[in-house]
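S.K.: Would you be able to build a 3D model of this:
(one chain, ligands or ions: 1)
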Amino acid sequence: MTEKFILTLSCPDEPGIVAEVSGLIATAGCNITSSNQYADTATGQFFMRVAIRPLSEPVSCDDLRARFAPVADKFGMDWAIHDASKPQRVLIMVSKFDHCLMDILYRMERGALHMEVPAVVSNHKDAYQLTASYNIAYHHWPVTPETKAEQEQKLLKLIDDEQIDLIVLARYMQVLSNKACERLAGKVINIHHSFLPSFKGAAPYQQAHEKGVKLIGATAHYVTADLDEGPIIEQNVARVNHAMEASDLVATGRDVERVTLAEALKLHLEHRVLLNGTKTVVFKP
Ligand SMILES: Nc1nc2c(c(=O)[nH]1)N[C@@H](CN(C=O)c1ccc(C(=O)N[C@@H](CCC(=O)O)C(=O)O)cc1)CN2
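M.R.: Coordinates of the predicted model:
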């Protein structure tokens, strides 16, 4: 990882943004190690991601933020400068199926995902042993219509107490409330086990099997109050055929789900995903 800081920004598009941004970075004694930009001509919105490395003298993140603020104000930017060396704190939520959780924890342990996981939350006990094998705290909070509100209060408190940057729904099969979605906007990634917008809901493989599709897929998206409608980050598909049972689709889908979620998580952790209304701009390496 050569970069020390990642600048992300979006603002109304106009001439001179790139020149001013790169000029400021040079003035701050830093170098640009990579830069991506996109102008959405339909909305007139401009998006940019810049990877930055101090040249000779050390530069702090707060220094750079203070220097950058006047440029951001001039263009009316929504912006952030992230310290790329600081691992994000991720809370993983899971129900019965642990294939995505297992994949994420393995990639983290192997250094493929620059993050730390202070805790796992589940409404079932099935993933306890896997979580314990990584010495990670496990919160078993069953959800019923009676306990849902209290469970969400505990969830929001845990997110604050643990200073969580991101929540990953790694096959967590409970719908988060509107209040939780508003409070956590842009900070919750879900893996949906279909190629959205097809087959929304809790049983997409059964729907796909009944339809007789030839491709199944998985979709990683930011969570909003509108079930399975959030901005899409990443999608993948796999070929299936008439001879496969619904259970075969589930088995094939597991690998598509875990790879798609891991790809989306890595893109988010590297600040490569910018929200563009109900869609995303994704600056891949
Ligand atoms: N506010 C949101 N919450 C969640 C979303 C989302 O998009 N917005 N995605 C789900 C995950 N999911 C599909 O990917 C999903 C999960 C659960 C259900 C569902 O209907 N659940 C039933 C209960 C099912 C059960 O107990 O097994 C329900 O909640 O009544 C649909 C889609 C995660 N949360």
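S.K.: Counting neighbours, which bits of stretch 228-244 end up buried?
M.R.: Neighbour-count burial for stretch 228-244, counted by 16 or more other C-beta atoms under 10 Å, picks out 228, 230, 231, 232, 233, 234, 235, 236, 240. Just so you know, the C-beta spots here come from the backbone N, C-alpha and C atoms, and that holds for glycine as well.
S.K.: repeat for stretch 152-162
M.R.: By neighbour count on 16+ other C-beta under 10 Å, the buried set for stretch 152-162 is 152, 155, 158, 159.
S.K.: Identify the residue nearest the last one in space, chain neighbours excluded?
M.R.: Spatial nearest neighbour of residue 159, chain neighbours left out: residue 91 (6.3 Å); criterion: C-beta to C-beta, 6 or more residues apart in numbering.
S.K.: Pretty sure the one you found sits in a helix.
M.R.: No: under DSSP: H, G, I helix; E, B strand; the rest coil, residue 91 sits outside any helix and is assigned strand.
S.K.: was I right about residue 282 contacting residue 271?
M.R.: No: the pair residue 282 / residue 271 is not scored as a contact, 11.0 Å apart, by C-beta atoms under 8 Å.
S.K.: With neighbour numbers in mind, choose between these two.
M.R.: Set side by side, residue 282 and residue 271 show more neighbours around residue 271, with 21 against 18, by other C-beta atoms under 10 Å.
S.K.: Verify the contact between the more buried one and residue 6 for me.
M.R.: Yes: between residue 271 and residue 6 a contact is recorded at 4.4 Å, counting by C-beta under 8 Å.
S.K.: Need the overlap of contacts for those two.
M.R.: 49, 82, 84 (C-beta atoms under 8 Å, 6 or more residues apart in numbering).
S.K.: The closest residue to the ligand within the stretch 51-200 of the chain: neighbour count?
M.R.: Here the stretch 51-200 of the chain gets closest to the ligand at one residue, residue 192, 3.5 Å apart by C-beta to the nearest ligand atom. Residue 192 is flanked by 27 other residues according to other C-beta under 10 Å.
S.K.: For the residue nearest to it when sequence neighbours are not counted, give me its contacts.
M.R.: Closest residue to residue 192 apart from its sequence neighbours, by C-beta to C-beta, 6+ apart: residue 219 at 4.7 Å. Contact analysis of residue 219 by C-beta under 8 Å, 6+ apart lists 191, 192, 194, 195, 196, 232, 234, 235, 260.
S.K.: Select from those residues every entry located in strands.
M.R.: Secondary structure from DSSP state E places 191, 192, 232, 234, 235 of the contacts of residue 219 in strands.
S.K.: still on that earlier bit, want to throw the buried residues of stretch 228-244 into CSV with pLDDT?
M.R.: Putting the buried residues of stretch 228-244 into CSV (pLDDT from 0 to 100) gives the following:
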residue, pLDDT
228, 97
230, 98
231, 98
232, 98
233, 98
234, 98
235, 98
236, 98
240, 98
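S.K.: Which pair in these has the greatest spatial separation?
M.R.: With distances taken as C-beta to C-beta, the most widely separated pair in the buried residues of stretch 228-244 is 231 and 240, at 26.8 Å.
S.K.: max-length helix in the chain?
M.R.: Criterion DSSP state H: the longest helix present in the chain is helix 246-269.
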